[in-house]
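Peer 1: sequence and computational prediction follow.
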Amino acid sequence: MSGKTGMSGKISSNFISLRVLIPMLIVLAMLLLLGYLISNEAQREADNVYMEFQSSQMDTAMRLQSSIERDVRLGLRDRLQLDFSELSLRPEVHVALLTDENNMVIASSRLSLLGKDLAQVAEKYSAQPWLIRFQGGDIDDLTIKQSVFTESKAILVSAPVRLDTPGSGLALNKLGKLCIYTDVTLPLAVHAAHIRTQVQQLMIGFVGLALLIGMLLHWTVTHRVVKLLRSAQRVGEGQLNTISGVAGPDEIGQLGLAFDAMVHKMAHSSAQLRKLSLAIEQSPNSRPCRSASPSNPRSWRNRQGRCPTVGDG
């Protein structure tokens, strides 16, 4: 009996563990899926940030190219600094500058850089692409070049700018360089905060869904298996009037129906055995005779219901 109880306890413990394990596995799978989705979403958002600021930077560079060339042609070099002072008000513009044909800074969003050599500025801001010389085709087309550095979260622009003034007696085809350093750290941080908010909302939703699935599994699977287990324990204790109450079109429901049918047959067979035993006990042939002789102290009646006599063989 103790062996059966120990086995039943072990089975019950396994089902309890399964009841806890299934929702945990579901939550783990959902967390892995959530992590994958978050990683993809974060990368997509970062790519969108870079694309957005690359486009904005290109527009700014094209506008400055036209503005600088116009001011130089009109002899309004004093207005060059005004455009760069406006750029200093934009938080994503880390530094912007214009150099002359000798690579000396003649306008900048940072006044401390005026008169500096471009090589010094490039070293200070880790902007080595600014030092690359333009090719003939780039000069003719005024090509704007961009360099994206994801590690430092920076976008660098370098573009040729014509600084000659036709008819002024100055050397023609003087070429300056427009350089812009855009720092996307803050926009990326804003998008990261947005993603964190989405993650928290998704986490709450996934946990709630996992709990719901766990409850459904508990009710549809584990709960019915435990009912079958308890019914089997009662049958083992001799309660043959037990009905599990587990039914349904699935395998567990079919098992419950088969279990109830088996118990019903056992109860019917047990009742038949009791009736047969009672009939045997009430039969006249079943009553013992009184002692007929010392050598046969207890004897049973013959087929005619009579006790044997001393002379009977």
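Peer 2: Everything's here; your move.

Peer 1: report how many residues lie close to residue 87.
Peer 2: Residue 87 has 19 neighbours, counted by other C-beta atoms under 10 Å. For every residue, glycine as well, the C-beta is placed using N, CA and C.

Peer 1: wasn't residue 107 part of a strand?
Peer 2: Yes: assigned with DSSP: H, G, I helix; E, B strand; the rest coil, residue 107 falls within a strand.

Peer 1: contacting residues around it?
Peer 2: Taking C-beta atoms under 8 Å, 6 or more residues apart in numbering, we find residue 107 in contact with 80-81, 83-84, 97-98, 114.

Peer 1: which stretches of this protein form strands?
Peer 2: For the chain, the strands defined by DSSP state E occupy 93-99, 105-108, 145-149, 154-162, 175-183, 288-289, 299-300.

Peer 1: okay, now residue 257: neighbour count?
Peer 2: For residue 257, the number of neighbouring residues by other C-beta under 10 Å comes to 14.

Peer 1: right, and it touches residue 247 too?
Peer 2: Yes: applying C-beta atoms under 8 Å, one finds residue 257 in contact with residue 247, separated by 5.7 Å.

Peer 1: circling back: tabulate the strands of the chain (TSV), appending distance to residue 278 and mean pLDDT.
Peer 2: Formatted as TSV, those follow (distance: least, C-beta to C-beta, whole Å; pLDDT from 0 to 100):
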stretch	distance to residue 278	mean pLDDT
strand 93-99	103	91
strand 105-108	114	90
strand 145-149	97	87
strand 154-162	99	89
strand 175-183	99	90
strand 288-289	18	56
strand 299-300	19	52
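
Peer 1: reformat those strands as CSV; add distance to residue 268.
Peer 2: Listed next are these as CSV, based on distance: least, C-beta to C-beta, whole Å:
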stretch, distance to residue 268
strand 93-99, 90
strand 105-108, 102
strand 145-149, 83
strand 154-162, 86
strand 175-183, 86
strand 288-289, 32
strand 299-300, 31
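
Peer 1: still on that earlier bit, please pick the buried ones from the contacts of residue 107.
Peer 2: Listed as buried from the contacts of residue 107 are 80-81, 83-84, 97-98; burial here means 16 or more other C-beta atoms under 10 Å.

Peer 1: list just the nearest of these to residue 134.
Peer 2: Proximity of these to residue 134 (C-beta to C-beta) peaks at residue 98, which lies at 14.5 Å.

Peer 1: any idea how far the closest one lies from residue 90?
Peer 2: Per C-beta to C-beta, to the nearest Å, residue 98 is found 16 Å from residue 90.

Peer 1: for the contacts of residue 107, which two are the farthest from each other?
Peer 2: Farthest apart among the contacts of residue 107 by C-beta to C-beta are 83 and 114. That separation is 14.1 Å.

Peer 1: residues in contact with the nearest residue to residue 266 once chain neighbours are set aside?
Peer 2: Once flanking residues are discounted, residue 266 sits nearest to residue 240: 5.6 Å by C-beta to C-beta, 6 or more residues apart in numbering. By C-beta under 8 Å, 6+ apart, the contact list for residue 240 reads 263, 266-267, 270.

Peer 1: again, only using 10 Å
Peer 2: Taking C-beta atoms under 10 Å, 6 or more residues apart in numbering, we find residue 240 in contact with 234, 263-271.

Peer 1: and those, which are buried?
Peer 2: residue 263.

Peer 1: in helices, which of the contacts of residue 240 fall?
Peer 2: Of the contacts of residue 240, the ones assigned to helices by DSSP state H are 234, 263-271.

Peer 1: turn the contacts of residue 107 into JSON lines, including distance to residue 25.
Peer 2: Below are these laid out as JSON lines (distance: C-beta to C-beta, whole Å):
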{"residue": "80", "distance to residue 25": "66"}
{"residue": "81", "distance to residue 25": "65"}
{"residue": "83", "distance to residue 25": "61"}
{"residue": "84", "distance to residue 25": "60"}
{"residue": "97", "distance to residue 25": "58"}
{"residue": "98", "distance to residue 25": "62"}
{"residue": "114", "distance to residue 25": "65"}
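
Peer 1: next step: these restricted to helices.
Peer 2: Using DSSP H, the contacts of residue 107 in helices are 80-81, 83-84.
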